[in-house]
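Q: got a predicted structure plus its sequence, pasted below:
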Amino acid sequence: MRRARYDGAGELGSTDILDFYCRRGIRLESTAAHTPQQKIQAESVNWSLVGRLSALLMEAALGPELWGEAQRTVIYVLNWRPTRDGRAIPFAQFKGREPELGDFRV
């Protein structure tokens, strides 16, 4: 099952958003109230992504108008890496098959 976690903000708890996630088989989970530790973990992931996105765009000499495509690329590549414990590859868990090098395109 796919999950998305959020900090309990009201805009993500609306009926429209909940329906959107439900139709796509995504369970929306709220972090526990008054637990900054969970927020710090999410913020750490966000800052890591921002750093990788910025590096990708700067290295390729691309402008900020391609931020969305760069974000998709970074997340796609990260989903090919094994989890920290080394037991799983997110891509394989989601797609039900091991990733193949031919899946990468320029």
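A: Structure's in. What do you need?

Q: where along this protein do the strands fall?
A: 2-6, 26-30 (DSSP state E).

Q: just send those back as TSV, with mean neighbour count and mean pLDDT too.
A: For every residue, glycine as well, the C-beta is placed using N, CA and C. Shown next, in TSV, are the strands of the chain (neighbours: other C-beta atoms under 10 Å; pLDDT from 0 to 100):
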stretch	mean neighbour count	mean pLDDT
strand 2-6	12	75
strand 26-30	13	81
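
Q: would you turn those into a markdown table with distance to residue 43?
A: Shown next, in a markdown table, are these (distance: least, C-beta to C-beta, whole Å):
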| stretch | distance to residue 43 |
| --- | --- |
| strand 2-6 | 12 |
| strand 26-30 | 16 |
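
Q: for residue 58, which of those strands is the nearest?
A: Nearest to residue 58, of all the strands of the chain, is strand 2-6, at 29.0 Å by C-beta to C-beta.

Q: report the contact partners of the residue most central in space within the chain.
A: Note on the chain: the residue nearest the mean C-alpha position is residue 75, at 5.9 Å, using C-alpha atoms, centre = their mean. Neighbouring residues of residue 75 by C-beta atoms under 8 Å, 6 or more residues apart in numbering: residue 49.

Q: quick one: closest of the strands of the chain to residue 47.
A: With C-beta to C-beta as the criterion, residue 47 lies closest to strand 2-6 of the strands of the chain, at 16.3 Å.

Q: other SSEs contacting that closest one?
A: In terms of contacts (3 or more C-beta pairs under 8 Å, 6 or more residues apart in numbering; DSSP states H and E), strand 2-6 is packed against strand 26-30.
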